[in-house]
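Peer 1: Can you look at this prediction? I've put the sequence above it.
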Amino acid sequence: MSSIVNAGQLREPGSILLVSCYELGHQPQGLTWPAAFLDRAGFSPSLLDLAVSSLDEDQVRRARFIGISVPMHTALRLGAIAARRVRELNPTCVVCFYGLYASLNAEYLLEALADYVIGGEYEEPLVRLVETLDRGVEPRVAGVGRKGALAAPHLARLAFPRPVRAELQMTGGYARLVRDGREAPAGYVEASRGCKHVCRHCPIPPVYGGRFFAVPRDIVLDDIRSQVEAGAEHITFGDPDFLNGPKHALSIARSLHVEFPDLTFDFTAKVEHLIRHRAALPELAALGCAFVVSAFESLSDEVLEHLEKGHTRADIGVALDAAREAGLPLRPTWVPFTPWTTAADYVELLDFVEDEGLVDAVDPVQFAIRLLVPPGSRLVETAAMRPHLGALRAEMFTYEWKHPDPRMDGLQVEARRVVESAIRAREDAETVLGRLRDLAGTLVPARARRGAAVPIRRPKAPYLTEPWFC
């Protein structure tokens, strides 16, 4: 693999290409932020989002440096496919993976696919790497990993410019908000990055180690303003947890509402934050919050303890009550298949979703999620996980694991099949839930169909057209 370019070559049009593969249906911050940092340094990168466009082979052949954004597992798997095609089309091009999953999988990426890898707050190291390459010398840049020399994630506060979005359109396949039967274009920003919590199963703690960084309020508002001007009627705050910095979050939401009183937004927050900041929830609803995503993960206190989630099953009920009292629809996410989840736990989850009136608030894919254990995961260190852990499948970017009851692994495979089939057939969520209950009933016959339960019916809450998965 080549890692040298001719001096001045990266200043030429088309010489730098930044590629995103999947960022939950939103305009990719993995392109817009680094493009802004490079633009400020005098470079003019081209942007390619493979979630809405096909790979432009001529563009790849012209490039001398290609950066591939990999903020999540799905993005990395797709990014690896793209990188192999890049190598076929342009063998001497410099390839750099950057983002959360680049750090976690640096060793494999540098061995098989990449010249460089950058994690953490990657934009400034990326600029320094490009500047060094542009001088025609072999880079030795702090925070930039290369073959034989891994680098720790870069964790320093950045001087953020306004993200560059000129090459990305608000329409063209990105997520839309569905509310009261109407679809509206949805924009995306991040008011903070990283997370101050260290949940064992989350990919963020191995990289950020409990740190988070606030993006300056004026930069966030300026970015929102540009997206509203381009047609956005709703904004997703993509922070790992919007309430990590509650004063910062409220300041932005208040300013947003003053300038754009009809603009709605959504955010993600931990159960414990919804409880701790319960008093702020009615104000957030009044400021335009359409819904909140929260990682409930499991109803089993044993599972929650193993994941070190920081909440209990009882806390989930408190958070639901707090959100409902504030008039905030809550959209829970789940990890229903772990080594410690029983078949009875799974049926209980289906019961809970139905009884709490959350059938339309849970994307069906959530019922098939299997615990992901990437390299560097804090779970690998635990005595609870060790008996179930298999080999690291580096090319798949995850450890294998097996449930002590093989029927549960089979249930997960079948649940995924049911969900994928339902999505293709556009089945409604209640039908999917019934099919999953029948499936789980083969393991817990007495808990299959419950005639006595009376579900709590509520109007369908707002949602985005892109189902959540990692």
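Peer 2: That came through, no problem.
Peer 1: how about the nearest residue to residue 131, chain neighbours excluded?
Peer 2: Nearest residue to residue 131, sequence neighbours excluded (CB to CB, 6 or more residues apart in numbering): residue 41, at 6.5 Å. Heads up, the C-betas are built off the backbone N, CA and C, glycines and all.
Peer 1: who's in contact with that neighbour?
Peer 2: 127, 130-131 (CB atoms under 8 Å, 6 or more residues apart in numbering).
Peer 1: pretty sure residue 201 is in contact with residue 380, am I right?
Peer 2: No - between residue 201 and residue 380 there is no contact, the gap being 10.6 Å when judged by CB atoms under 8 Å.
Peer 1: and the residue nearest to residue 131, backbone torsions?
Peer 2: Main-chain torsions, residue 41, degrees, to the nearest 10: phi -90, psi 0.
Peer 1: Start at 39, not 1
Peer 2: Happy to do that; since the first residue is 39 now, the last one works out to residue 79.
Peer 1: Please tell me how far it sits from residue 164.
Peer 2: 10 Å (CB to CB, to the nearest Å).
Peer 1: and if you look at residue 319?
Peer 2: Relative to residue 164, residue 319 is positioned 37 Å away (CB to CB).
Peer 1: Which one of these two is surrounded by more residues?
Peer 2: For residue 319 and residue 164, the more surrounded residue by other CB atoms under 10 Å is residue 164, and the numbers stand at 26 against 23.
Peer 1: where's that one, which helix or strand?
Peer 2: Of the helices and strands defined by DSSP states H and E, residue 164 is found in helix 161-172.
Peer 1: do residue 358 as well
Peer 2: Counting by DSSP H and E, residue 358 is part of helix 351-364.
Peer 1: Show the low-confidence segments of the stretch 389-508 of the chain, by residue range.
Peer 2: The stretch 389-508 of the chain contains residues with pLDDT under 70 at 484-497, 506-508.
Peer 1: can we see that at 90?
Peer 2: Where the stretch 389-508 of the chain drops to pLDDT under 90, the residues are 461-462, 464, 466-468, 479-499, 504-508.
Peer 1: What pLDDT is listed against residue 204?
Peer 2: In the predicted model, residue 204 carries a pLDDT score of 73.
Peer 1: Tell me the secondary structure of it, please.
Peer 2: Put simply, residue 204 is coil when judged by DSSP: H, G, I helix; E, B strand; the rest coil.
Peer 1: picking up where we left off before, now for the following helix or strand past the helix holding residue 164, which elements pack on it?
Peer 2: As assigned by DSSP H and E, the chain's next helix or strand after helix 161-172 is strand 182-184. Judged by 3 or more CB pairs under 8 Å, 6 or more residues apart in numbering; DSSP states H and E, the packing partners of strand 182-184 are helix 144-150, strand 154-156, helix 161-172.
Peer 1: Tell me which of these sits nearest to residue 425.
Peer 2: Checking the helices and strands packed on strand 182-184 against residue 425 by CB to CB gives helix 144-150 as the closest, at 25.2 Å.
Peer 1: other SSEs contacting that closest one?
Peer 2: Contacts defined by 3+ CB pairs under 8 Å, 6+ apart place helix 144-150 against strand 154-156, strand 182-184.
Peer 1: Beyond the last one, next helix or strand please.
Peer 2: Toward the C-terminal end, the helix or strand that comes next after strand 182-184 (DSSP H and E) is strand 214-217.
Peer 1: still on that earlier bit, shared neighbours of residue 239 and residue 418, which are they?
Peer 2: When contacts are counted by CB under 8 Å, 6+ apart, residue 239 and residue 418 are jointly contacted by residue 411.
Peer 1: more crowded one of these two?
Peer 2: Taking other CB under 10 Å, residue 239 and residue 418 do not tie; residue 239 has more neighbours (22 against 16).
Peer 1: Excluding sequence neighbours, find me the nearest residue to the more buried one.
Peer 2: Leaving aside its sequence neighbours, residue 239 sits nearest to residue 345 (CB to CB, 6+ apart; 4.9 Å).
Peer 1: Distance-wise, check the one you found relative to residue 400.
Peer 2: From residue 345 across to residue 400, the span is 18 Å (CB to CB).
Peer 1: so how far is residue 155 from the residue nearest to residue 239?
Peer 2: Remark: distance between residue 345 and residue 155 (CB to CB) = 27 Å.
Peer 1: ok, these two, which is more surrounded?
Peer 2: When neighbours are counted by other CB under 10 Å, residue 345 and residue 155 differ, and residue 155 comes out ahead with 28 against 24.
Peer 1: so who does that one touch?
Peer 2: Per CB under 8 Å, 6+ apart, neighbours of residue 155: 134-136, 140-141, 144, 147-148, 182-184, 188-189.
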